[in-house]
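Student: Only the shape, not the letters, is given here:
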DNA sequence: ATAGGGTTAG
């Protein structure tokens, strides 16, 4: 008797619930329902109380809110009946641990766990699993790992749910590799993975952009004839679509329909977008129609995809029509519509209209985000209005809109085009000083500008500064050699090639190939031929035994 | 138990 009195739940668990009817009608505790009465009734029926509670709760999928448990323990019905209260607490402990786990209330969770231990309540498989789930939800994955090990060493071994919870934990930490290991360990331990195991892993792979693994997990599910939940299809189709494999995505979609699995708006939208991006706008529109005839209502994302697709394929008038349709039909208009349309107009040279749309956003109370600024700035720089673009750049800052690496890239490119090289360089420095990480694209723009103004060395120096920042632009040298060859600065291209090889930055053979291809592409077939049939770049000079490569420079040394 | 679809630079 004293045991229970001593470990009564802390009073703060009991929110001011003055009478039972309030508890019953509180939406937090389900709809006004007979289950609370029923449970209280079961408490009187002390003979088979636990069993009856189990059956009742299981049958109606009832999860006891902690407040309710506390309430019952403090209730008049149990006053003086400590044995019943204690038995009820034993029985409810699992439920409590589960609730506190998913609510992220670690103190309370451990309180219950300790009371169980103190009172000699043996944890069941469910208790362990709920505890694991609580710990994982609270991101205490290492603690969950320890519980897992205790289980493996004890008489209650981990089951599918335990494994799934552990896998979920690793996935939450981004340790997909470890999650995969745990998953494979299941087979060894003769625990059959279920659809939750697969789905958890697929979700993690999808989020990492590893669509291939996502797909092979799906295929494994098919082979094992597991039931495939709709979300698995979403992930597989979404992944294929993002990979540009619209046809494959569509095939999986048809598979899904054949199995009469219910599709959803997101899947249709992903397919429409994928077809639009692969340049097949007609097919995209066909799926759009099919979606509607299948009884799905396109939303602002679907319309956004359609508008963007039409803009990208130069069908601006149709895009504007859809845009107007959305405005008239209460489809939420957002900045994505505007950025697509402004970009479309800008690329078509209709800058005035683009500017008008940009201003319209203010009227409509739509925030001008960095995408919208960027596309308009791009449109302005490309139509010779770089100073207007710079004004917008300033306005962005005043508006508190993030200037991104895209913004800088667009402007740097524009300034170089106008031969305002110093300003371009200054902008690059500003970007670095603001802590914005450059990308391969941004360096490409910078190095092209510098190479064309004869500052190849400067470009190489800046490239060297990028490595410590963890930025390694792909094909940086290749791009620069290409640019130089294209404008006929063969001598500088060769000097650059020698510099790269001398400093051991690249394998001589690769640079040789790059230079040959660059010369060919630039229409200088003769020099390309000459380089190909010589030992320049890889061979040794006429002294033979002296290990010195023949300089690329000698190519033009006639 | 939960998430899954769209916009910008070279």
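Tutor: Nice, thanks for sending it over. Just so you know, these numbers come straight off a predicted model, no measurement behind them.
Student: Does residue A:344 touch residue A:322 like I think?
Tutor: No. Assessed by C-beta atoms under 8 Å, residue A:344 is found out of contact with residue A:322, at 11.9 Å. From N, CA and C alone the C-beta is placed, and that goes for glycine too.
Student: More neighbours: the two, which one.
Tutor: Remark: of residue A:344 and residue A:322, residue A:344 carries more neighbours, 26 against 20, as counted by other C-beta atoms under 10 Å.
Student: thinking again about what came up before, now do the shared contacts for residue A:344 and residue A:322.
Tutor: When contacts are counted by C-beta atoms under 8 Å, 6 or more residues apart in numbering, residue A:344 and residue A:322 are jointly contacted by residue A:310.
Student: What residues sit buried inside the helix or strand that residue A:410 is a member of?
Tutor: Element membership of residue A:410, judged by DSSP states H and E, is helix A:405-417. By 16 or more other C-beta atoms under 10 Å, the buried positions in helix A:405-417 come out as A:406-417.
Student: so how far is residue A:57 from residue A:98?
Tutor: Distance, residue A:98 to residue A:57, using C-beta to C-beta, to the nearest Å: 11 Å.
Student: To clarify, my last question referred to residue A:518.
Tutor: Separation of residue A:518 from residue A:57 (C-beta to C-beta): 73 Å.
Student: between the two, who's got more neighbours?
Tutor: residue A:518 (24 against 19).
Student: and the helix holding residue A:410, how far from the chain's centre?
Tutor: Centroid separation between helix A:405-417 and its chain, computed with C-alpha atoms, centre = their mean, to the nearest Å, is 27 Å.
Student: rewinding a little: make CSV out of the buried residues of helix A:405-417 and add distance to DNA strand B and pLDDT.
Tutor: Supplementary listing: these in CSV, determined by distance: C-beta to the nearest atom of the strand, whole Å; pLDDT from 0 to 100:
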residue, distance to DNA strand B, pLDDT
A:406, 4, 97
A:407, 7, 97
A:408, 8, 98
A:409, 3, 97
A:410, 5, 98
A:411, 10, 98
A:412, 9, 98
A:413, 5, 97
A:414, 9, 97
A:415, 13, 98
A:416, 10, 97
A:417, 10, 96
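Student: Out of the residues you listed, which is nearest to residue A:530?
Tutor: Of all those, residue A:530 sits closest to residue A:416, with 31.9 Å by C-beta to C-beta.
Student: Now for residue A:516, how many residues are close by?
Tutor: 18.
Student: Mind telling me what element it is part of?
Tutor: Secondary structure from DSSP H and E places residue A:516 in helix A:508-521.
Student: So which bits of that helix are buried?
Tutor: Buried, per 16+ other C-beta under 10 Å, within helix A:508-521: A:508, A:511-512, A:514-516, A:518-520.
Student: And the contacts of the next helix or strand after that helix?
Tutor: Per DSSP H and E, the first helix or strand lying C-terminal to helix A:508-521 is helix A:525-532. The contact list for helix A:525-532 (C-beta under 8 Å, 6+ apart) reads A:490, A:512, A:515-517, A:519-520, A:537, A:552, A:555-556.
Student: can you check stretch A:349-364 too?
Tutor: A:316, A:333, A:335, A:338, A:341-343, A:345-346, A:367-368, A:372, A:375-376, A:379-380, A:383, A:385.
Student: For the stretch 101-250 of chain A, which residue gets nearest to DNA strand B?
Tutor: Scanning the stretch 101-250 of chain A for the residue nearest DNA strand B gives residue A:231, at 3.3 Å (criterion: C-beta to the nearest atom of the strand).
Student: With the stretch 201-350 of chain A instead?
Tutor: Nearest to DNA strand B, among the residues of the stretch 201-350 of chain A, is residue A:304, at 2.7 Å (C-beta to the nearest atom of the strand).
Student: Burial check on that residue, number of neighbours?
Tutor: As a burial measure, residue A:304 scores 25 neighbours (other C-beta under 10 Å).
Student: Which positions in the stretch 251-400 of chain A make contact with DNA strand B?
Tutor: A:264-267, A:269-270, A:273, A:277, A:298-305, A:308, A:312, A:334-337, A:339-340, A:343, A:369-372, A:374-375, A:378 (C-beta under 7 Å from any atom of the strand).
Student: Among the residues you listed, which ones are in helices?
Tutor: Using DSSP state H, A:265-267, A:269-270, A:273, A:277, A:300-305, A:308, A:312, A:335-337, A:339-340, A:343, A:370-372, A:374-375, A:378 are the members of those that sit in helices.
Student: Could you identify the buried members of these?
Tutor: In those, burial by neighbour count holds for A:267, A:269-270, A:273, A:277, A:301-305, A:308, A:312, A:335-337, A:339-340, A:343, A:370-372, A:374-375, A:378, counting by 16+ other C-beta under 10 Å.
Student: ok, and the closest non-adjacent residue to residue A:445?
Tutor: If the residues on either side of it in the chain are set aside, residue A:445 comes closest to residue A:413, at 4.5 Å by C-beta to C-beta, 6 or more residues apart in numbering.
Student: That neighbour touches residue A:452, doesn't it?
Tutor: No. With contact defined as C-beta under 8 Å, residue A:413 and residue A:452 do not form a contacting pair (11.7 Å).
Student: Can you check which residues contact both of the two?
Tutor: When contacts are counted by C-beta under 8 Å, 6+ apart, residue A:413 and residue A:452 have no shared neighbour.
Student: In the stretch 1-150 of chain A, where is pLDDT below threshold?
Tutor: Scanning the stretch 1-150 of chain A with the threshold set as pLDDT under 70 gives A:1-37, A:44-46, A:58-82, A:86, A:102-104, A:119.
Student: residue boundaries of the helices in it?
Tutor: Ranges of helices within the stretch 1-150 of chain A are A:2-6, A:20-25, A:35-44, A:49-59, A:66-74, A:82-103, A:106-118, A:125-137, A:141-153, based on DSSP state H, counting those that start in this stretch.
Student: quick one: which of those is nearest residue A:241?
Tutor: helix A:125-137 (30.5 Å).
Student: any bit of the helix or strand encompassing residue A:165 sitting next to DNA strand B?
Tutor: In this assignment (DSSP H and E), residue A:165 forms part of helix A:160-172. No. Taking C-beta under 7 Å from any atom of the strand as the criterion, helix A:160-172 and DNA strand B are apart, separated by no less than 7.9 Å.
Student: for residue A:249, what are its contacts?
Tutor: Residues A:237, A:240-241, A:270-271, A:274 are the ones in contact with residue A:249 under the rule C-beta under 8 Å, 6+ apart.
Student: Swap in 6 Å and give it another go.
Tutor: A:237, A:240-241, A:271, A:274 (C-beta atoms under 6 Å, 6 or more residues apart in numbering).
Student: Got a quick ChimeraX command for the buried subset of these?
Tutor: Buried residues among the contacts of residue A:249 (16+ other C-beta under 10 Å), as a ChimeraX selection:
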select /A:237,240,241,271,274
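Student: By mean pLDDT, flag the weakest helix or strand of chain A.
Tutor: Every helix and strand of chain A was ranked by mean pLDDT, DSSP states H and E. The lowest is helix A:2-6, at a mean of 34.
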